[in-house]
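>>> got a predicted structure plus its sequence, pasted below:
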Number of protein chains: 2
Amino acid sequence: MRRLTRQRKAVLEVVREAKNHPDAAWIYQEVRKRIPRISLGTVYRNLEALVEEGYLIPITRAGEATRYDANTHPHLHLVCEGCGALVDLEVELPDLLAPARLAHPGVEVRSVEVTYRGLCPECRRALKG
Amino acid sequence: MRRLTRQRKAVLEVVREAKNHPDAAWIYQEVRKRIPRISLGTVYRNLEALVEEGYLIPITRAGEATRYDANTHPHLHLVCEGCGALVDLEVELPDLLAPARLAHPGVEVRSVEVTYRGLCPECRRALKG
DNA sequence: GTGAATGCAAAAGCTTTGCAACCTA
DNA sequence: TAGGTTGCAAAGCTTTTGCATTCAC
(Lines give C-alpha, C1' and ligand atoms only; values in the text may rest on other atoms or scores of the structure.)
Protein backbone atom coordinates (compact mmCIF):
# COMPACT_ATOMS: atom_id res chain seq x y z
CA MET A 1 0.00 0.00 0.00
CA ARG A 2 1.12 3.54 -0.68
CA ARG A 3 2.02 5.69 2.33
CA LEU A 4 1.54 9.36 2.86
CA THR A 5 4.88 10.54 4.21
CA ARG A 6 5.94 14.06 5.17
CA GLN A 7 8.25 13.99 2.17
CA ARG A 8 5.54 13.10 -0.32
CA LYS A 9 3.20 15.70 1.11
CA ALA A 10 5.88 18.39 0.96
CA VAL A 11 6.80 17.62 -2.63
CA LEU A 12 3.20 17.89 -3.77
CA GLU A 13 2.64 21.10 -1.81
CA VAL A 14 5.72 22.74 -3.28
CA VAL A 15 4.68 21.94 -6.84
CA ARG A 16 1.15 23.14 -6.15
CA GLU A 17 2.38 26.43 -4.75
CA ALA A 18 4.88 26.95 -7.57
CA LYS A 19 3.83 29.23 -10.36
CA ASN A 20 5.93 28.17 -13.31
CA HIS A 21 6.19 24.42 -13.78
CA PRO A 22 9.29 23.67 -11.72
CA ASP A 23 11.80 20.91 -12.40
CA ALA A 24 13.16 18.40 -9.89
CA ALA A 25 16.17 20.52 -8.92
CA TRP A 26 14.03 23.55 -8.09
CA ILE A 27 11.54 21.41 -6.17
CA TYR A 28 14.38 19.79 -4.24
CA GLN A 29 15.75 23.19 -3.27
CA GLU A 30 12.33 24.37 -2.07
CA VAL A 31 11.44 21.21 -0.18
CA ARG A 32 14.75 21.37 1.66
CA LYS A 33 13.59 24.57 3.31
CA ARG A 34 10.97 22.46 5.06
CA ILE A 35 12.78 19.14 5.31
CA PRO A 36 16.51 19.90 5.22
CA ARG A 37 17.64 16.27 5.17
CA ILE A 38 15.47 15.17 2.27
CA SER A 39 17.43 13.69 -0.61
CA LEU A 40 17.16 14.37 -4.31
CA GLY A 41 16.44 10.70 -4.89
CA THR A 42 13.43 10.91 -2.63
CA VAL A 43 12.17 13.91 -4.56
CA TYR A 44 12.43 11.96 -7.81
CA ARG A 45 10.75 8.91 -6.32
CA ASN A 46 7.87 10.98 -5.02
CA LEU A 47 7.46 12.92 -8.23
CA GLU A 48 7.20 9.63 -10.05
CA ALA A 49 4.62 8.34 -7.58
CA LEU A 50 2.58 11.54 -7.77
CA VAL A 51 2.54 11.35 -11.55
CA GLU A 52 1.36 7.74 -11.40
CA GLU A 53 -1.39 8.70 -8.99
CA GLY A 54 -2.51 11.50 -11.26
CA TYR A 55 -1.65 14.42 -9.02
CA LEU A 56 1.03 15.79 -11.33
CA ILE A 57 1.59 15.99 -15.06
CA PRO A 58 5.15 15.69 -16.39
CA ILE A 59 6.23 18.03 -19.15
CA THR A 60 9.25 17.19 -21.25
CA ARG A 61 11.05 19.34 -23.72
CA ALA A 62 14.10 18.57 -25.83
CA GLY A 63 17.33 19.18 -23.94
CA GLU A 64 15.67 20.19 -20.70
CA ALA A 65 14.88 18.60 -17.38
CA THR A 66 11.36 17.31 -16.90
CA ARG A 67 9.02 19.87 -15.39
CA TYR A 68 5.94 19.15 -13.32
CA ASP A 69 2.49 20.66 -13.47
CA ALA A 70 -0.04 20.43 -10.65
CA ASN A 71 -2.76 22.05 -12.74
CA THR A 72 -5.05 19.10 -13.34
CA HIS A 73 -7.91 20.74 -15.11
CA PRO A 74 -7.63 20.67 -18.91
CA HIS A 75 -5.38 23.35 -20.35
CA LEU A 76 -2.73 23.83 -22.99
CA HIS A 77 0.88 24.85 -22.91
CA LEU A 78 2.67 27.53 -24.88
CA VAL A 79 6.42 27.31 -25.20
CA CYS A 80 7.74 30.79 -25.91
CA GLU A 81 10.40 30.77 -28.61
CA GLY A 82 11.66 34.11 -27.34
CA CYS A 83 12.34 33.54 -23.65
CA GLY A 84 11.78 29.81 -23.34
CA ALA A 85 9.01 30.24 -20.77
CA LEU A 86 6.33 27.59 -20.46
CA VAL A 87 2.99 29.34 -20.16
CA ASP A 88 -0.45 27.96 -19.36
CA LEU A 89 -3.17 28.76 -21.86
CA GLU A 90 -6.72 28.48 -20.65
CA VAL A 91 -8.69 27.70 -23.77
CA GLU A 92 -12.03 26.19 -24.54
CA LEU A 93 -11.21 23.27 -26.77
CA PRO A 94 -13.23 21.44 -29.33
CA ASP A 95 -13.20 17.69 -28.77
CA LEU A 96 -9.65 16.95 -29.79
CA LEU A 97 -10.07 13.24 -29.33
CA ALA A 98 -12.83 12.86 -31.88
CA PRO A 99 -10.77 13.20 -35.09
CA ALA A 100 -8.29 10.53 -34.07
CA ARG A 101 -11.03 8.17 -32.92
CA LEU A 102 -12.96 8.49 -36.13
CA ALA A 103 -9.96 8.10 -38.40
CA HIS A 104 -8.45 5.14 -36.56
CA PRO A 105 -11.08 2.65 -35.41
CA GLY A 106 -8.46 0.11 -34.27
CA VAL A 107 -6.83 2.57 -31.93
CA GLU A 108 -8.02 3.43 -28.44
CA VAL A 109 -7.34 7.08 -27.72
CA ARG A 110 -7.42 7.99 -24.05
CA SER A 111 -5.91 11.44 -23.71
CA VAL A 112 -4.27 14.17 -25.69
CA GLU A 113 -1.49 16.60 -24.95
CA VAL A 114 -1.31 19.83 -26.91
CA THR A 115 1.69 22.14 -26.95
CA TYR A 116 1.78 25.37 -28.87
CA ARG A 117 4.94 27.16 -29.93
CA GLY A 118 5.11 30.89 -30.47
CA LEU A 119 5.70 34.10 -28.58
CA CYS A 120 4.42 35.11 -25.17
CA PRO A 121 2.97 38.63 -24.87
CA GLU A 122 6.19 40.14 -23.48
CA CYS A 123 8.44 38.73 -26.18
CA ARG A 124 5.98 39.60 -28.89
CA ARG A 125 5.96 43.20 -27.78
CA ALA A 126 9.74 43.31 -27.46
CA LEU A 127 10.29 41.86 -30.90
CA LYS A 128 7.51 43.53 -32.83
CA GLY A 129 6.88 46.76 -30.97
CA MET B 1 28.23 28.82 -43.99
CA ARG B 2 26.83 25.40 -43.36
CA ARG B 3 28.59 22.53 -45.12
CA LEU B 4 27.09 19.37 -46.52
CA THR B 5 29.37 16.64 -45.21
CA ARG B 6 29.15 12.90 -45.79
CA GLN B 7 28.30 12.59 -42.13
CA ARG B 8 25.39 14.99 -42.23
CA LYS B 9 24.02 13.40 -45.38
CA ALA B 10 24.26 9.92 -43.87
CA VAL B 11 22.51 10.94 -40.65
CA LEU B 12 19.59 12.43 -42.53
CA GLU B 13 19.32 9.44 -44.87
CA VAL B 14 19.28 6.99 -41.98
CA VAL B 15 16.50 8.85 -40.19
CA ARG B 16 14.51 9.12 -43.42
CA GLU B 17 14.81 5.42 -44.09
CA ALA B 18 13.97 4.46 -40.52
CA LYS B 19 10.42 3.42 -39.86
CA ASN B 20 9.93 4.08 -36.18
CA HIS B 21 11.32 7.38 -34.96
CA PRO B 22 14.83 6.33 -33.95
CA ASP B 23 16.91 7.83 -31.16
CA ALA B 24 20.52 8.98 -31.37
CA ALA B 25 21.98 5.65 -30.27
CA TRP B 26 20.12 3.73 -32.96
CA ILE B 27 21.01 6.27 -35.61
CA TYR B 28 24.66 6.11 -34.55
CA GLN B 29 24.67 2.37 -34.88
CA GLU B 30 23.13 2.52 -38.35
CA VAL B 31 25.33 5.31 -39.66
CA ARG B 32 28.41 3.41 -38.55
CA LYS B 33 27.59 0.73 -41.10
CA ARG B 34 28.29 3.37 -43.74
CA ILE B 35 30.89 5.50 -41.96
CA PRO B 36 32.56 3.26 -39.38
CA ARG B 37 34.70 6.00 -37.85
CA ILE B 38 31.88 8.47 -37.26
CA SER B 39 31.55 9.53 -33.64
CA LEU B 40 28.47 9.76 -31.50
CA GLY B 41 29.22 13.43 -30.89
CA THR B 42 29.05 14.06 -34.63
CA VAL B 43 25.69 12.31 -34.79
CA TYR B 44 24.36 14.57 -32.06
CA ARG B 45 25.78 17.70 -33.66
CA ASN B 46 24.21 16.83 -37.00
CA LEU B 47 20.88 15.91 -35.52
CA GLU B 48 20.83 19.31 -33.85
CA ALA B 49 21.70 21.04 -37.11
CA LEU B 50 19.08 19.11 -39.08
CA VAL B 51 16.44 20.04 -36.53
CA GLU B 52 17.43 23.70 -36.79
CA GLU B 53 17.22 23.54 -40.56
CA GLY B 54 13.77 21.98 -40.36
CA TYR B 55 14.62 18.58 -41.82
CA LEU B 56 13.88 16.71 -38.63
CA ILE B 57 11.44 17.02 -35.76
CA PRO B 58 12.60 16.06 -32.27
CA ILE B 59 10.22 14.09 -30.09
CA THR B 60 10.77 13.98 -26.36
CA ARG B 61 9.11 11.79 -23.81
CA ALA B 62 9.64 11.61 -20.05
CA GLY B 63 12.50 9.34 -19.13
CA GLU B 64 13.44 8.47 -22.69
CA ALA B 65 16.05 9.54 -25.18
CA THR B 66 14.97 12.08 -27.78
CA ARG B 67 13.65 10.52 -30.97
CA TYR B 68 13.74 12.04 -34.42
CA ASP B 69 11.06 12.20 -37.07
CA ALA B 70 11.78 12.92 -40.74
CA ASN B 71 8.09 13.06 -41.59
CA THR B 72 7.63 16.76 -42.23
CA HIS B 73 4.06 16.85 -43.39
CA PRO B 74 1.54 17.50 -40.62
CA HIS B 75 0.62 14.48 -38.58
CA LEU B 76 0.00 13.46 -34.99
CA HIS B 77 1.65 11.01 -32.67
CA LEU B 78 0.15 8.27 -30.58
CA VAL B 79 2.14 6.94 -27.66
CA CYS B 80 0.94 3.44 -26.91
CA GLU B 81 0.55 2.84 -23.19
CA GLY B 82 0.76 -0.89 -23.79
CA CYS B 83 3.99 -1.39 -25.71
CA GLY B 84 5.46 2.12 -25.61
CA ALA B 85 5.54 2.42 -29.39
CA LEU B 86 5.34 5.84 -30.98
CA VAL B 87 2.92 5.62 -33.90
CA ASP B 88 2.15 8.15 -36.60
CA LEU B 89 -1.51 9.04 -37.00
CA GLU B 90 -2.54 10.55 -40.29
CA VAL B 91 -5.54 12.64 -39.43
CA GLU B 92 -7.37 15.54 -40.99
CA LEU B 93 -7.25 18.20 -38.37
CA PRO B 94 -9.51 21.09 -37.68
CA ASP B 95 -7.60 24.35 -37.31
CA LEU B 96 -6.02 23.75 -33.94
CA LEU B 97 -4.35 27.12 -33.89
CA ALA B 98 -7.56 29.12 -34.05
CA PRO B 99 -8.82 28.57 -30.47
CA ALA B 100 -5.57 29.70 -28.90
CA ARG B 101 -5.31 32.72 -31.18
CA LEU B 102 -8.81 33.86 -30.44
CA ALA B 103 -8.55 33.42 -26.70
CA HIS B 104 -5.15 35.05 -26.32
CA PRO B 105 -4.79 38.14 -28.50
CA GLY B 106 -1.43 39.09 -26.94
CA VAL B 107 0.13 35.77 -27.84
CA GLU B 108 1.56 34.84 -31.22
CA VAL B 109 0.91 31.18 -31.90
CA ARG B 110 3.07 29.69 -34.64
CA SER B 111 2.74 25.94 -34.45
CA VAL B 112 1.15 23.20 -32.45
CA GLU B 113 2.26 19.74 -31.43
CA VAL B 114 -0.35 17.14 -30.58
CA THR B 115 0.37 13.85 -28.86
CA TYR B 116 -2.28 11.30 -28.08
CA ARG B 117 -1.98 8.59 -25.47
CA GLY B 118 -3.82 5.31 -25.68
CA LEU B 119 -3.50 1.86 -27.15
CA CYS B 120 -2.23 0.86 -30.58
CA PRO B 121 -4.31 -1.72 -32.50
CA GLU B 122 -2.12 -4.67 -31.45
CA CYS B 123 -2.17 -3.85 -27.75
CA ARG B 124 -5.84 -3.09 -27.81
CA ARG B 125 -6.59 -6.50 -29.28
CA ALA B 126 -4.24 -8.22 -26.84
CA LEU B 127 -5.77 -6.54 -23.81
CA LYS B 128 -9.42 -6.52 -24.78
CA GLY B 129 -9.78 -9.44 -27.12
C1' DG C 1 43.49 28.64 -47.81
C1' DT C 2 39.97 29.18 -44.28
C1' DG C 3 36.95 28.06 -41.04
C1' DA C 4 33.19 24.73 -40.41
C1' DA C 5 32.99 19.99 -39.16
C1' DT C 6 35.04 15.78 -37.40
C1' DG C 7 36.89 12.09 -34.07
C1' DC C 8 38.11 11.22 -29.67
C1' DA C 9 37.67 11.37 -24.98
C1' DA C 10 36.41 13.58 -21.00
C1' DA C 11 32.80 15.84 -18.62
C1' DA C 12 28.34 17.47 -17.65
C1' DG C 13 23.80 17.08 -16.71
C1' DC C 14 19.52 14.51 -15.27
C1' DT C 15 17.69 10.52 -13.29
C1' DT C 16 17.81 5.92 -11.28
C1' DT C 17 19.24 2.45 -7.98
C1' DG C 18 21.33 -0.55 -4.06
C1' DC C 19 21.26 -0.82 0.67
C1' DA C 20 20.82 -0.31 5.57
C1' DA C 21 18.05 2.41 8.64
C1' DC C 22 13.61 4.37 9.48
C1' DC C 23 8.78 5.20 9.86
C1' DT C 24 3.76 4.71 8.52
C1' DA C 25 -0.26 2.08 8.74
C1' DT D 1 5.59 -5.67 13.06
C1' DA D 2 5.78 -5.60 8.01
C1' DG D 3 7.18 -3.56 4.21
C1' DG D 4 6.88 0.83 1.94
C1' DT D 5 9.97 4.83 2.24
C1' DT D 6 14.05 7.40 3.24
C1' DG D 7 19.00 9.28 3.00
C1' DC D 8 23.19 8.59 1.07
C1' DA D 9 26.21 7.60 -2.40
C1' DA D 10 27.38 5.45 -6.47
C1' DA D 11 26.17 4.36 -11.00
C1' DG D 12 23.64 4.84 -15.45
C1' DC D 13 22.29 7.23 -19.52
C1' DT D 14 21.84 10.73 -22.60
C1' DT D 15 23.88 14.64 -24.36
C1' DT D 16 27.45 18.25 -24.59
C1' DT D 17 32.07 20.07 -25.07
C1' DG D 18 37.34 21.01 -25.70
C1' DC D 19 40.84 20.41 -28.85
C1' DA D 20 43.82 19.09 -32.50
C1' DT D 21 42.99 17.47 -37.08
C1' DT D 22 40.50 17.09 -41.31
C1' DC D 23 37.85 18.45 -45.12
C1' DA D 24 34.20 21.12 -47.84
C1' DC D 25 33.87 25.15 -50.32
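All right, it came through fine. Numbering: from 1, shown residues only, chains lettered A, B, ... in the order given.
>>> can you tell me the helix or strand for the closest residue to DNA strand C within chain A?
Nearest residue of chain A to DNA strand C, counting by CB to the nearest atom of the strand: residue A:41, 2.8 Å away. All C-beta spots, glycine's among them, are computed from the backbone N, C-alpha and C. Residue A:41 is part of helix A:40-52, with elements assigned from DSSP states H and E.
>>> sorry, back to before: how much space between the residue of chain A closest to DNA strand C and residue B:14?
37 Å (CB to CB, to the nearest Å).
>>> show me what from chain A comes close to DNA strand C.
Within chain A, the positions near DNA strand C by CB under 7 Å from any atom of the strand are A:1, A:3-6, A:23-25, A:40-41, A:44-45, A:48, A:65-66.
>>> how about the contacts made by residue A:64?
Residues near residue A:64 by CB atoms under 8 Å, 6 or more residues apart in numbering or on different chains: residue A:23.
>>> by pLDDT, give me the weakest of the residues of chain A next to DNA strand C.
Lowest in pLDDT among the residues of chain A next to DNA strand C is residue A:1, which has 79.
>>> show me what the worst-scoring helix or strand of chain A on mean pLDDT is packed against.
Within chain A, no helix or strand scores below helix A:97-103, which has a mean of 76 by mean pLDDT, DSSP states H and E. Packing partners of helix A:97-103 (3 or more CB pairs under 8 Å, 6 or more residues apart in numbering or on different chains; DSSP states H and E): strand A:108-119.
>>> buried sites along the strand it packs on?
For strand A:108-119, a neighbour-count test (16 or more other CB atoms under 10 Å in any protein chain shown) marks A:108-109, A:112-116, A:118-119 as buried.
>>> now check stretch A:36-50, is it near chain B?
No - figure legend: stretch A:36-50 not in contact with chain B (CB under 8 Å from any CB of the partner chain); closest approach 8.9 Å.
>>> mind checking how far residue A:77 is from residue B:68?
Residue A:77 is 22 Å from residue B:68, by CB to CB.
>>> centre-most residue in chain A?
Closest to where the C-alpha atoms of chain A average out (CA atoms, centre = their mean) is residue A:69, at 2.8 Å.
>>> for that residue, give me its contacts.
Here residue A:69 is in contact with A:15, A:21, A:56-59 (CB under 8 Å, 6+ apart).
>>> if you set the cut-off to 10 Å instead, what comes out?
Counting by CB atoms under 10 Å, 6 or more residues apart in numbering or on different chains, residue A:69 touches A:15, A:18, A:20-22, A:56-59, A:75, A:77, A:86, A:88.
>>> show me what it is bridged to.
residue A:57 (DSSP bridges).
>>> among the residues of chain A next to DNA strand C, name the buried ones.
A:24, A:66.
>>> out of the residues of chain A next to DNA strand C, which is nearest to chain B?
Nearest to chain B out of these is residue A:66 (CB to the nearest CB; 5.5 Å).
>>> quick one: low-confidence residue ranges for chain A.
Along chain A, the parts satisfying pLDDT under 70 run over A:92-94.
>>> would you mind splitting it into its domains for me?
A:6-69, A:76-128 (automatic domain parsing).
>>> can I get these in JSON lines with distance to residue B:99?
What follows is these, written out as JSON lines (distance: least, CB to CB, whole Å):
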{"stretch": "domain A:6-69", "distance to residue B:99": "20"}
{"stretch": "domain A:76-128", "distance to residue B:99": "5"}
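>>> ok, which of these comes nearest DNA strand D?
domain A:6-69 (3.2 Å).
>>> just how off-centre is that closest one within its chain?
On the basis of CA atoms, centre = their mean, to the nearest Å, domain A:6-69 sits 10 Å off its chain's mean C-alpha point.
>>> start to end distance for it?
20 Å (CA to CA, to the nearest Å).
>>> same question for stretch A:81-97.
27 Å.
>>> list the buried ones in that stretch?
Result for stretch A:81-97 [16+ other CB under 10 Å]: buried residues A:81, A:86-87, A:89, A:91, A:96.
>>> how about stretch A:52-70?
Buried residues in stretch A:52-70 (16+ other CB under 10 Å): A:55-61, A:66-70.
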